[in-house]
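> I'll drop the sequence and a predicted model, then ask my questions.
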Amino acid sequence: MRPPQPVLDAWGLPSGALPLEGGQGTSLRVGDVVLKPYADDVEVGWFAGLCDRFPAEASVRLPRPVPAIDGRLVVDGWTATRFVAGTPVDDGDSSAEAWRPVLTAGRAFHAAIAAEPEPPHLALRTHRWAVADRAAWGEIEAPHPGAGSRRLLDAARLLAVDEGLPLQLVHGDLSGNVLLAEGLPPAVIDVSPYWRPAAYADAIVVIDALLWWRSDSALLALGQPVGLPTRAWRSLLTRALVFRLLAFDEPHRDRDDVVDQLPRYAEVLDQLDDLD
């Protein structure tokens, strides 16, 4: 998908956008600006305010939105941020240690935003990730999960407990959105906001690494926050797995995808069941 000329003109950018890897595969780089489609005015405006409040002394970089020439943050569904150097964990790296800097960056980010209030727009979201998150936390019933997913959900329900942890603003998709570069603080990009315990964001990183990077199971212990009981940690990991499983959306997936990927969710659930 290429940005239309009126969008480029709005930011005074030349043609020749280059696709960027990662995320939904829709972001493009034009010079030192990254353009992203399907932007929501409310969420982009909220994020701009978060950047204004983000402490300068934080040990992570948070690239802020770049206004168009006329000051708008969203033009025809497109928004822009400043390009930042760095790369996510390599797709071929299955080591647990590869995720230590991602977890460290996420914790620094969450410490920096710990006093943020709950964004009002979160409760209004209806996309599949928001629905999956609410179902993972028992706020709604899982919507038509599919036969294979249903069996996993029934098993996962036995591992979830009331963790008794405080809620705060978290980035619920850090795994591919922490960019690491030698000599620079890590950059946190594409903030996906949720109102959950901070350690839940750690759990999502660990589950993503196990599912998609096929990380070494040693990450289960490496990722556990200091002082968090194992029972609560396993519960958060289970919720993270359910979140990803429901967002996978089995009923609307190609059958080959289901046959190929669903067994991996079962394997990871077995690893959680063995956690002690």
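Sure thing, it's come through.
> in a strand, that's where Asp270 is, yeah?
No: read with DSSP: H, G, I helix; E, B strand; the rest coil, Asp270 is helix and lies in no strand.
> residues near it, how many?
Residues near Asp270, counting by other CB atoms under 10 Å, number 10. For glycine as for every other residue, the C-beta is placed from the backbone atoms N, C-alpha and C.
> likewise Leu269?
Leu269: 22 surrounding residues under other CB under 10 Å.
> Using the three-state scheme, assign the nearest residue to Arg53 once chain neighbours are set aside.
The shortest distance from Arg53 to any non-neighbouring residue, by CB to CB, 6 or more residues apart in numbering, is to Glu116 (7.4 Å). Local secondary structure at Glu116 is given as coil here, using three-state DSSP.
> ditto for Pro3
Here Pro3 is recorded as coil under three-state DSSP.
> how near is the nearest residue in space to Ala68 that is not next to it in sequence to Arg244?
Spatial nearest neighbour of Ala68, excluding adjacent residues (CB to CB, 6+ apart): Ala10 at 4.2 Å. Ala10 sits 35 Å away from Arg244, going by CB to CB, to the nearest Å.
> just Ala135 next, same as before
Ala135 is 12 Å from Arg244, by CB to CB.
> Same check on Ala98?
Distance, Ala98 to Arg244, by CB to CB: 19 Å.
> same deal with Asp274?
Asp274 sits at a distance of 19 Å from Arg244 (criterion: CB to CB).
> higher neighbour count, these two?
Set Asp274 next to Arg244 and count neighbours by other CB under 10 Å: Arg244 wins out with 20 against 10.
> Roughly how far does that one sit from Glu163?
Arg244 sits 18 Å away from Glu163, going by CB to CB.
> What residues of the strand or helix carrying Phe243 count as buried?
Phe243 belongs to helix 230-248 when elements are defined using DSSP states H and E. By neighbour count with 16 or more other CB atoms under 10 Å, helix 230-248 contains the buried residues 232-248.
> now stretch 164-179
For stretch 164-179, the neighbour count (16+ other CB under 10 Å) marks 165, 168-179 as buried.
> what's the offset of it from the middle of its chain?
How far stretch 164-179 lies from its chain's middle: 7 Å, per CA atoms, centre = their mean, to the nearest Å.
> average pLDDT across it?
Stretch 164-179 shows a mean pLDDT of 97.
> Do me a favour and get the end-to-end distance for that stretch?
End-to-end distance of stretch 164-179 (CA to CA, to the nearest Å): 31 Å.
> What of stretch 130-145?
Using CA to CA, the two ends of stretch 130-145 sit 15 Å apart.
> Flag every buried residue along stretch 87-96.
Those would be 88-89, 96, for stretch 87-96 by 16+ other CB under 10 Å.
> how about the residues you listed in CSV, adding secondary structure?
Output for those, formatted as CSV (three-state DSSP):
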residue, secondary structure
Pro88, coil
Val89, coil
Ala96, coil
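> Would you format these as TSV with pLDDT and distance to Glu267 included?
Below are the buried residues of stretch 87-96 laid out as TSV (pLDDT from 0 to 100; distance: CB to CB, whole Å):
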residue	pLDDT	distance to Glu267
Pro88	96	23
Val89	97	20
Ala96	98	16
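> in the chain, which spans are strands?
For the chain, applying DSSP state E gives strands covering 18-19, 28-30, 33-36, 74-75, 78-82, 168-171, 178-179, 187-188, 193-196.
> For Leu159, find the nearest of those strands.
strand 193-196 (17.1 Å; CB to CB).
> Alright, that wraps it up for me.
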